[in-house]
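Asks: what would the 3D arrangement of this be:
(2 chains)
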Protein chains: 2
Amino acid sequence: MSETRALADYLVSARLEDVPADVRHEALRALVNYVGCALGGAPEAAVDIAVRTFAPFSGPATAAVLGRRERFDPLNAALFNGISSHVHDYDDTTPKNYIHPTSPVASALFAYASANAVSGPDFVHAFILGFEAESRIGDAVYPSHYDIGWHITGTAGVFGAAAAIGRLVGLDVQQMVWALGLAGTQAAGLREMFGSMGKAFHPGAAARNGYAAALLAKEGFTSGEYGLEGPRGFAAVQSAKYDLSKITAGFGRDYSLRANTYKPFPCGIVNHPAIDACIQLHEEGLNPADIASVRLSVAPLVMDLCGKTGITLGLQGKFSVVHGAAVGLVRGKAGLVEYTDEAVNDPPVKRVREATVAAADDPAVTEDGVVVRVTLKDGRAVEKRLEHSLGNLARPMSDRQLDAKFLDQAVLVLRKDRAEQLLAQTWKLDQAGDLGPLIKTAVPD
Amino acid sequence: MSETRALADYLVSARLEDVPADVRHEALRALVNYVGCALGGAPEAAVDIAVRTFAPFSGPATAAVLGRRERFDPLNAALFNGISSHVHDYDDTTPKNYIHPTSPVASALFAYASANAVSGPDFVHAFILGFEAESRIGDAVYPSHYDIGWHITGTAGVFGAAAAIGRLVGLDVQQMVWALGLAGTQAAGLREMFGSMGKAFHPGAAARNGYAAALLAKEGFTSGEYGLEGPRGFAAVQSAKYDLSKITAGFGRDYSLRANTYKPFPCGIVNHPAIDACIQLHEEGLNPADIASVRLSVAPLVMDLCGKTGITLGLQGKFSVVHGAAVGLVRGKAGLVEYTDEAVNDPPVKRVREATVAAADDPAVTEDGVVVRVTLKDGRAVEKRLEHSLGNLARPMSDRQLDAKFLDQAVLVLRKDRAEQLLAQTWKLDQAGDLGPLIKTAVPD
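Replies: Sure, this is the predicted structure:
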């Protein structure tokens, strides 16, 4: 059987009761992380502009966008969810293939579920299958595909959205083959867009186009039969090297959700060890007012990517390891609000940041580690040494840490009590009779 | 200046009065050919299915689709125009890069002009510029890009649509840079879809997505600055070899419209010499009833691709050189109606077809030529030898032949007098104060 057909067969015939409990729980973690990111990104300029551009072209407003008041047709809602959830680059990552996997799949699913009745179990299973389709196709072409310059979140993501929506609309195997083909023939997204709004457009377009591929297939719009493995199919055309066996190996046994990671801080990942260590110092009782100076020993890449000093803007803070250290020490957290212009110019943060220096002066420090040395005003020294940063597979964020990340973002668009209600609903999403009430909570009044 | 910015600068600053008369006339020929193809494809199943799929998601119905009664938002209308105009594979081709160039550009433009006031001169100029952007970008990556497996009509087409709509909505240079970047990051379409409805989806998606790219850029949605030439941009990612100088060489002097060709017959191009020669015999007075037998000497590729005999369905006729010869001899034409099930089973056509044999028995016959030998019932023999088939750059279709092709397709959806009115309006499109009346004529009551 061809890989496309074998994958289609799996997507159509898999049963939720066969999914192990740890995978189901990881799916909820991914969705909690996703909903928080979508709310945190919802007020961003890239979303505003996309909404302004496409609103005049929206069909009947049957669908909601997470974190926004306006309503649109579900395809446009999927696009906007995709942009908002990725715009801060704060969403999840599978390090094995560099995909931000949840955004393309969940953005389509939440848009669909806001306009159609979908039960929690059906939603979660469609999500797990979409995540799996996307990840397996990404695994098959990674790293060559990514190295060439494809933004794999866009290119693999469109398959994930097609698979997830295809499952919910009840495609048969032939239709699922077409949905995967129509997804593949829309697979796009160039890494040249990094640093512009175009990057966040990719998971949005993947969500929208994958969703549309499933609907087209359902109506009988045909595609080639070998969208993945054909001589002019996705793998051959969009990757120099690939291993198609990764698409089909271990169906129902191996789940890519187990390889998922969540970013604790909305900034360059190389800053994370320093922030993490400084938050730990804060939590251990270090009083920011007592700090005289701070010295960070970091990996050389940190200085290359995030060596910014003398900063005055929130966006600059994302590329400044000393800013990350300062908010960790002063505030004990580094959420979205720690990367605003206000936070960067907050006097206690500014004082500690300007008393902090970073250097690649210790060859033993890897990109996953840091050494923080704080000198106090009374002359004492405090040191914190970290080998593995929070958020890695070796040290995953706990459910409670995901809660805090969620709330930190959700309060940007929702009242605190409502944000907490939404968080509770999202953790129980797999038990919901219908997604409607959850989505209603996720939309500001 | 980067290639992206140089192209953007040209697209923004070019003036219609600087376009030579022959190029303006070729633009009208391309548009006449396009409108005919869009009408001929409008009733096809692929269009019906796409309409059925997307109609529930259409925004306010401000836009028309050529040859169809339903109205949609302009982005959906652009998609449907793109599918209909390419579904018979009867639209134009630039042999230098294998692009079907008019469909992506004109499909977006007619959708736009059906919902917004656009003068004939502005429309034609936007078309010429979109055609040029698409062709130059295609030239830069051809043949490597096509050989890898990209359907270049989809990938280059999205730039053409973005350029044309970007010109009409008055983008400045920076916005045009973004529009080209947002087009490039949506460039898609796999040759693996050939033989399925997915192929005709490509120019539709290119029209829709290029149109959207221009609107996003107008509202300030940013892209990377080097969408074409960057290390992770379109050329580097989607082609093994490329020559970016082809994007910018000879602006305002060299026009790709001069390299455009039009298919006289809606079937595999390798059949065209035989059909052409047989129509000439018909026009010279050969009575079909007098034919005893026919022998075709064709190139070997014709037998490989179009050697079908014993056919009973219209679609099979497209891959049957003996059917093409028979309709040429019997009817003196080979339009869409000669490839219906009815035509294939029409007794006079069937009789001549079954009396015809084809063979690759003459090494002097190239893919562009044929020798037709007819034996009459009275024993006499008639021979027709062809070196260059109609429709090639060496023997272009005349304006009057384009008229006949147009009418042959238009009467499938319009009354004959109305089809003739539309034809006259299309030839004078560049003088129209507004495109509205033309588009109104192109929509059945």
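Asks: what about the strands in chain A?
Replies: Ranges of strands in chain A, per DSSP state E, are A:63-64, A:71-72, A:291-297, A:356-359, A:370-376, A:381-386.
Asks: tell me which residues are up against the third one.
Replies: Right, strand A:291-297. Strand A:291-297 has contacts (C-beta atoms under 8 Å, 6 or more residues apart in numbering or on different chains) with A:274, A:321-322, A:325-326, A:329, A:352, A:355-362, A:365, A:370-377. Yep, even glycine has a C-beta here, placed from its N, CA and C like the rest.
Asks: emit the ChimeraX select command for whichever of these are buried.
Replies: Provided next is the ChimeraX selection string for whichever of the contacts of strand A:291-297 are buried by 16 or more other C-beta atoms under 10 Å in any protein chain shown:
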select /A:274,321,322,325,326,329,352,355,356,358,360,365,370,371,372,374,375
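Asks: TSV for the strands of chain A, including mean pLDDT?
Replies: Shown next, in TSV, are the strands of chain A (pLDDT from 0 to 100):
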stretch	mean pLDDT
strand A:63-64	98
strand A:71-72	98
strand A:291-297	98
strand A:356-359	97
strand A:370-376	98
strand A:381-386	96
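Asks: now distance to A:R253 too, for those, in a markdown table please.
Replies: As requested, the strands of chain A are exported to a markdown table (distance: least, C-beta to C-beta, whole Å):
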| stretch | distance to A:R253 |
| --- | --- |
| strand A:63-64 | 35 |
| strand A:71-72 | 39 |
| strand A:291-297 | 42 |
| strand A:356-359 | 44 |
| strand A:370-376 | 37 |
| strand A:381-386 | 34 |
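Asks: so for B:H282, which of the ones you listed sits nearest?
Replies: strand A:71-72 (56.3 Å; C-beta to C-beta).
Asks: so who does the most centrally placed residue in chain A touch?
Replies: By C-alpha atoms, centre = their mean, chain A has its centre lying nearest to A:D91, at 2.2 Å. Contacts here follow C-beta under 8 Å, 6+ apart; on that basis A:D91 touches A:N33, A:Y34, A:C37, A:S85, A:H100, A:T102, A:S103, A:K263.
Asks: let me see the ranges of the helices in the stretch 201-350 of chain A.
Replies: A:234-238, A:245-248, A:272-283, A:300-306, A:314-317, A:321-331, A:341-344, A:347-354 (DSSP state H, counting those that start in this stretch).
Asks: for B:V413, which of those is the nearest?
Replies: helix A:234-238 (35.6 Å).
Asks: flag every residue of the stretch 201-350 of chain A that's near chain B.
Replies: Neighbours of chain B within the stretch 201-350 of chain A, by C-beta under 8 Å from any C-beta of the partner chain: A:201-202, A:205, A:212, A:215-216, A:218-227, A:230-234, A:236-237.
Asks: any of the residues you listed buried? List them.
Replies: Listed as buried from these are A:201-202, A:205, A:212, A:215-216, A:218, A:220-227, A:230, A:232-234, A:236-237; burial here means 16+ other C-beta under 10 Å.
Asks: returning to that earlier point: dump the helices of the stretch 201-350 of chain A to TSV, plus mean pLDDT.
Replies: TSV is the format used below for those (pLDDT from 0 to 100):
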stretch	mean pLDDT
helix A:234-238	98
helix A:245-248	98
helix A:272-283	97
helix A:300-306	89
helix A:314-317	88
helix A:321-331	98
helix A:341-344	96
helix A:347-354	98
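Asks: so which of those helices is the most surrounded?
Replies: Highest mean neighbour count among these (mean count of other C-beta atoms under 10 Å in any protein chain shown): helix A:321-331, with a mean of 28.
Asks: next one: stretch A:10-26 to chain centre, how far?
Replies: 21 Å (C-alpha atoms, centre = their mean, to the nearest Å).
Asks: buried residues of that stretch, list them for me.
Replies: Within stretch A:10-26, the residues that count as buried by 16+ other C-beta under 10 Å are A:Y10, A:L11, A:V12, A:A14, A:V19, A:V23, A:R24, A:E26.
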